[in-house]
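Peer 1: Coordinates for the following, if possible.
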Amino acid sequence: MGKYFGTDGIRGVAGEFLNADLAYNVGRSLKYVLEAKTIVIGRDTRESSEKLALEVAKGATELGVSVLDAGVVTTPMVAYYSKKETIVGVMITASHNPYTDNGIKLFQNGSKLSEDQEKTIEKYLEYPLQIEPEKEGTYKKTKDVQTAYLDLYKRLKLVPINLSIGYDSANGANYQIAKEVLEPLCDESVQINAEPNGKNINKECGSTHLEA
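Peer 2: I've put the predicted structure just below:
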């Protein structure tokens, strides 16, 4: 593990270790290190996620990279879309950590970065370049990530069942897509913890509170 990258991307307390400047420079590094032309950014429901996503987008677009903002989506959705479109994927999330933490996960063509790529990004974050491009990249909000993910499930041709399904969305990133995927497949579904407010993600729910 390096100074910034842990076992699963960059993670730390939002606004402290993982602040706006760091997110901005991560966005810029995608051009220098990964030679990104287009990136897709997704985020979870933490109160800090939108700001961090916008800072990554700002850093990237200033260097001519086109940004697709997918809004609140899950990590697998970003990884799948990154592979499908052969582009760089960025997910703003700290998974099952408290809302006060956040993180940045990076994908290239659907796969996590290599150790060498992470080391090169770390070097850039330590000594960021300030060269400005001739042309700024575009920024666009998109629903294509959700559409592509739901199309994947349609192609699986899953057979509906006559059982009930219960699932805990942990007030997190899957609170919308889970409902769209599961409801058509069963007679009855029960979703709990699907009212995110920016601070209640994983709070007494989700993978760390299975009693729910």
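Peer 1: gap between the residue nearest to residue 205 when sequence neighbours are not counted and residue 80?
Peer 2: Among residues not flanking residue 205 along the chain, residue 193 sits closest, at 4.2 Å (CB to CB, 6 or more residues apart in numbering). In this view, the C-beta of every residue, glycine as well, is placed from N, C-alpha and C. According to CB to CB, to the nearest Å, residue 193 stands 24 Å off from residue 80.
Peer 1: picking that back up, got the contact list for the residue nearest to residue 205?
Peer 2: Contact analysis of residue 193 by CB atoms under 8 Å, 6 or more residues apart in numbering lists 168, 169, 170, 171, 175, 200, 205, 206, 212.
Peer 1: ok, which stretches of the chain are strands?
Peer 2: With strands called from DSSP state E, the chain shows them at 5-6, 9-13, 38-43, 66-72, 88-92, 101-108, 111-112, 139-141, 161-168, 186-192.
Peer 1: Just want the angle from the fifth one to strand 9-13.
Peer 2: Read it as strand 88-92. 20 degrees (axes from the mean of the first three to the mean of the last three CA atoms, to 10 degrees).
Peer 1: got the angle for strand 88-92 vs strand 38-43?
Peer 2: Using the same axes, to 10 degrees, the inter-axis angle of strand 88-92 relative to strand 38-43 is 20 degrees.
Peer 1: again, but for the second one
Peer 2: Orientation of strand 9-13 against strand 38-43 (the same axes, to 10 degrees) gives an angle of 40 degrees.
Peer 1: other SSEs contacting strand 9-13?
Peer 2: Judged by 3 or more CB pairs under 8 Å, 6 or more residues apart in numbering; DSSP states H and E, strand 9-13 is in contact with strand 101-108.
Peer 1: partner strands of the strand it packs on, parallel or antiparallel?
Peer 2: Paired neighbours of strand 101-108 in the sheet (DSSP bridges): strand 9-13 (antiparallel), strand 88-92 (antiparallel), strand 111-112 (antiparallel).
Peer 1: Any chance you could spot the residue sitting in the middle of the chain?
Peer 2: Among the residues of the chain, the one closest to the centroid is residue 91, at 1.9 Å (CA atoms, centre = their mean).
Peer 1: number of nearby residues for residue 154?
Peer 2: 9 (other CB atoms under 10 Å).
Peer 1: Give me the distance between it and residue 145.
Peer 2: Distance, residue 154 to residue 145, by CB to CB: 15 Å.
Peer 1: if we can go back for a sec, so the residue nearest to the centre of the chain makes contact with residue 76?
Peer 2: No: taking contacts as CB atoms under 8 Å, residue 91 lies outside contact range of residue 76: 9.3 Å.
Peer 1: surely residue 185 meets residue 160?
Peer 2: Yes: between residue 185 and residue 160 there is a contact under CB under 8 Å: 5.1 Å.
Peer 1: okay, the two: which has more neighbours?
Peer 2: residue 185 (14 against 9).
Peer 1: Kindly format the C-alpha coordinates of the longest helix along the chain as PDB.
Peer 2: Longest helix of the chain, by residue count under DSSP state H: helix 20-34. Written as PDB, here are the backbone C-alpha positions of helix 20-34 (Å, rounded to 0.1, in the frame of the first residue of the first chain):
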ATOM      1  CA  ALA A  20     -11.200  18.800  -2.800                       C
ATOM      2  CA  ASP A  21      -7.600  19.400  -3.800                       C
ATOM      3  CA  LEU A  22      -6.800  15.700  -3.800                       C
ATOM      4  CA  ALA A  23      -9.900  14.800  -5.800                       C
ATOM      5  CA  TYR A  24      -9.100  17.600  -8.300                       C
ATOM      6  CA  ASN A  25      -5.600  16.200  -8.800                       C
ATOM      7  CA  VAL A  26      -6.800  12.700  -9.200                       C
ATOM      8  CA  GLY A  27      -9.000  14.000 -12.000                       C
ATOM      9  CA  ARG A  28      -6.000  15.600 -13.700                       C
ATOM     10  CA  SER A  29      -3.800  12.500 -13.200                       C
ATOM     11  CA  LEU A  30      -6.200  10.400 -15.300                       C
ATOM     12  CA  LYS A  31      -5.100  12.300 -18.400                       C
ATOM     13  CA  TYR A  32      -1.400  12.200 -17.600                       C
ATOM     14  CA  VAL A  33      -1.100   8.600 -16.300                       C
ATOM     15  CA  LEU A  34      -4.000   6.700 -18.000                       C
END
